[in-house]
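S.K.: Structure for the following, please:
(chains A and B)
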Amino acid sequence: MGGTGRGIIALSGGNNQKSARAAGRREAESMIDQSATARREVAVQEEDTALDEARLRQQAIGVKLRQMFDQVVNEPVPDEFLEILRRADQRSAARKV
Amino acid sequence: MGTRSAVGGAGENDEEFRRELVVLIPHLRAFARTLCGDPAAADDLAQDAMLKAWDARASFQLGTNMKAWTFMILRNQFYSEKRRSWRQSQLDQEAAERTLVAADDPEAPVALDELRLALRSLPDEQREALVLVGAGGFAYEEAAEICGCAVGTVKSRVSRARRALQAALEAGSYERDGAPAGEAMGSILADAERLSGAR
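M.R.: Numbering: from 1, shown residues only, chains lettered A, B, ... in the order given. Got it, this is the predicted structure:
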């Protein structure tokens, strides 16, 4: 790939050589740009994949966390709780009377 | 309960308050369980918080977020008890660590045990922030109010907690029945996939 630019420079002579060199440089630069862009895209894709994987893991942890919490929420409430509240209610009613 | 209506206006408010408080009991128990670990100590804490909320009902404005208000009471109760008797809380912690594995339903999915253990390894403030936002259904703003800190603080605690939890689950850095926890993350991923259907 890099040889194309040099080829143009070698074939052209005199005044053309300068502009041909510039053209070759531009071409080479654009190729470097392209390969840099391609490298960036690959890096971004890899990063996305890693992010997706991390997101997936965090989602999975979130699901388990809610499941753990909801498991207790869904347990039947021990009678003790309502009994304690009933006694407190009666105490405050007795104070008012 | 029929006698309560005879008390009049205040009685009706009390009755409504009581009804709402009863609805919140399961949530208070769940939050207490994440703070204490030990189920018996957690229920004691939830009962204390419930009674405190009942006694303070005059200061609660009906129509505002009662869940956040009761969670705040429970949390304050937890930390004031912890401060009052540091030694006792150490014992509670040890008991919690013992019962976490022992008291668990042997039929329960392994992944839940792993998560519970990993959650215990987090600092209190990270654990509570993550539980409030990640499981309790609170917005960051509400969690900040419950914890008495800035919204940004809650956000950073939650994200640190998430990272630490994932790292702990992947590394299996805690032990289970004397053996390394191993594939905790794997079983959690598999379980989550099963729960959410084919992905």
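S.K.: Any stretches of the chain with poor pLDDT?
M.R.: Assuming you mean chain A. A:1-16, A:96-97 (pLDDT under 70).
S.K.: meant chain B, my bad for not saying
M.R.: For chain B, the stretches with pLDDT under 70 are B:1-10, B:85-111, B:172-183, B:197-199.
S.K.: and the residue most central in space within it, what does it touch?
M.R.: The residue lying closest to the centre of chain B (CA atoms, centre = their mean) is B:Phe31, at 2.1 Å. Residues in contact with B:Phe31 (CB atoms under 8 Å, 6 or more residues apart in numbering or on different chains) are B:Ala46, B:Phe71, B:Leu74, B:Arg75, B:Val131, B:Leu132, B:Gly136. No exception for glycine: its C-beta is placed from N, CA and C like everyone else's.
S.K.: what's the neighbour count on the first one?
M.R.: What that stands for is B:Ala46. Residues lying near B:Ala46 (other CB atoms under 10 Å in any protein chain shown) number 30.
S.K.: which element is it on?
M.R.: If you go by DSSP states H and E, B:Ala46 is part of helix B:39-55.
S.K.: just checking, next helix/strand downstream of that helix?
M.R.: Scanning forward in sequence from helix B:39-55 by DSSP H and E, the next helix or strand is helix B:66-84.
S.K.: What residues of that following helix count as buried?
M.R.: When neighbours are counted by 16 or more other CB atoms under 10 Å in any protein chain shown, the buried residues of helix B:66-84 are found to be B:66-75, B:77-79, B:81-82.
S.K.: try stretch B:151-164
M.R.: By neighbour count with 16+ other CB under 10 Å, stretch B:151-164 contains the buried residues B:Thr153, B:Val154, B:Arg157, B:Val158, B:Arg160, B:Ala161, B:Arg162, B:Ala164.
S.K.: For those residues, give me CSV that also has distance to B:Ala40.
M.R.: CSV is the format used below for these (distance: CB to CB, whole Å):
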residue, distance to B:Ala40
B:Thr153, 32
B:Val154, 29
B:Arg157, 28
B:Val158, 29
B:Arg160, 30
B:Ala161, 26
B:Arg162, 29
B:Ala164, 27
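S.K.: between the residues you listed, which is nearest A:Arg26?
M.R.: Distance to A:Arg26 across the buried residues of stretch B:151-164 (CB to CB) is lowest for B:Arg162, with 48.1 Å.
S.K.: Just say helix, strand or coil for that closest one.
M.R.: Under DSSP: H, G, I helix; E, B strand; the rest coil, B:Arg162 falls in the helix class.
S.K.: got a list of what it touches?
M.R.: Applying CB under 8 Å, 6+ apart to B:Arg162 gives the contacts A:Gln58, A:Ile61, B:Leu130, B:Gly134.
S.K.: For A:Glu41, pull up the helix or strand it's in.
M.R.: helix A:14-73.
S.K.: With B:Phe17 instead?
M.R.: For B:Phe17, the host element (DSSP H and E) is helix B:9-36.
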